[in-house]
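> give me a 3D structure for the following:
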Amino acid sequence: MGGNVVETLIGAAVIAVAAAFLVFAYSTAGVRSVGGYELVAKFDKVDGLSVGGDVRLSGIKVGTITSETLDPKSYQAIVRFTLAPNVQLPDDSSAKITSQGLLGGNYLALEPGGSDAFLKPGQSVQYTQGAVNLMDLIGRAIYSGTGSSKSEAAPAPAGNAPAAAPAAAQPASVQGTPAQPAPAQVAPSAAPAAPQPEPQQAPAAQPPK
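Residues are numbered from 1 along each chain as shown. You can find the predicted model right below:
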């Protein structure tokens with residue numbers, strides 16, 4: 001009997017510790033929804049964005065996504081989200097869907113503008129940017145890198161280069177005896193120059209008688 005009571009107390013203690021851990025994780029992870037006034041934003045694509053997701057401003061959660069519907073006329077995704085009452089958003093602000101990483105989900109990121117007028121409950125954010133598919137970007141980068149490497153590895157077209165002249169055939173040896181080189185031709189020597197005639201002296205003049 002005493003053993004059953006001890007086991008029951010240990011089980012209750014484990015359940016209490018687990019419940020306390022869940023409450024702590026829920027409060028620190030920012031999973032709970034943020035109440036406030038509602039705003040609307042239209043996007044071309046909302047891939048990876050789910051109801052209950054975060055709405056962040058400067059990386060801080062300031063709201064929660066409440067609904068996602070499709071506009072049957074423009075075929076755009078209509079996202080409704082709540083924003084904390086203490087956060088006033090200028091009417092020229094922008095909203096874009098940002099990814100937390102390759103393995104993380106998407107969330108709605110707000111970038112405040114510089115206008116003095118603020119959005120009122122029920123109004124729409126005019127400047128939006130839809131979700132970007134990271135897998136498509138990675139695939140394009142890989143494909144472009146493969147295509148550039150193939151173009152660089154392609155050989156250049158051969159030009160009409162003149163064919164090299166064949167080498168002169170060497171005389172074959174007869175019965176293993178190497179062929180003797182041909183004797184060099186000796187140029188004939190020049191003919192001796194003809195002797196020049198010696199000049200004859202004129203006879204001396206005789207004196208008159």
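> what's the average pLDDT for the lengthiest helix in the chain?
In the chain, taking DSSP state H as the definition, the longest helix is helix 2-28. Across helix 2-28, the average pLDDT comes to 72.
> again, but for stretch 88-103
On average, stretch 88-103 scores 87.
> flag every buried residue along that stretch.
Neighbour counts over stretch 88-103 (16 or more other C-beta atoms under 10 Å) mark Leu89, Ser93, Ser94, Ala95, Lys96, Ile97, Thr98, Ser99 as buried. (C-beta placed from N, C-alpha, C; glycine too.)
> same deal with stretch 42-62?
Buried residues in stretch 42-62, counted by 16+ other C-beta under 10 Å: Lys42, Phe43, Val46, Gly48, Leu49, Gly53, Asp54, Val55, Arg56, Leu57, Lys61, Val62.
> can you pull out the strands in the chain?
37-43, 54-57, 60-70, 77-83, 94-99, 106-111, 124-125, 127-129 (DSSP state E).
> make JSON lines from the ones you listed and add distance to Ala13 to it.
Below are those laid out as JSON lines (distance: least, C-beta to C-beta, whole Å):
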{"stretch": "strand 37-43", "distance to Ala13": "44"}
{"stretch": "strand 54-57", "distance to Ala13": "34"}
{"stretch": "strand 60-70", "distance to Ala13": "33"}
{"stretch": "strand 77-83", "distance to Ala13": "39"}
{"stretch": "strand 94-99", "distance to Ala13": "41"}
{"stretch": "strand 106-111", "distance to Ala13": "37"}
{"stretch": "strand 124-125", "distance to Ala13": "50"}
{"stretch": "strand 127-129", "distance to Ala13": "51"}
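> nearest approach to Leu9 belongs to which of these?
Of all the strands of the chain, strand 60-70 sits nearest to Leu9, with 39.3 Å by C-beta to C-beta.
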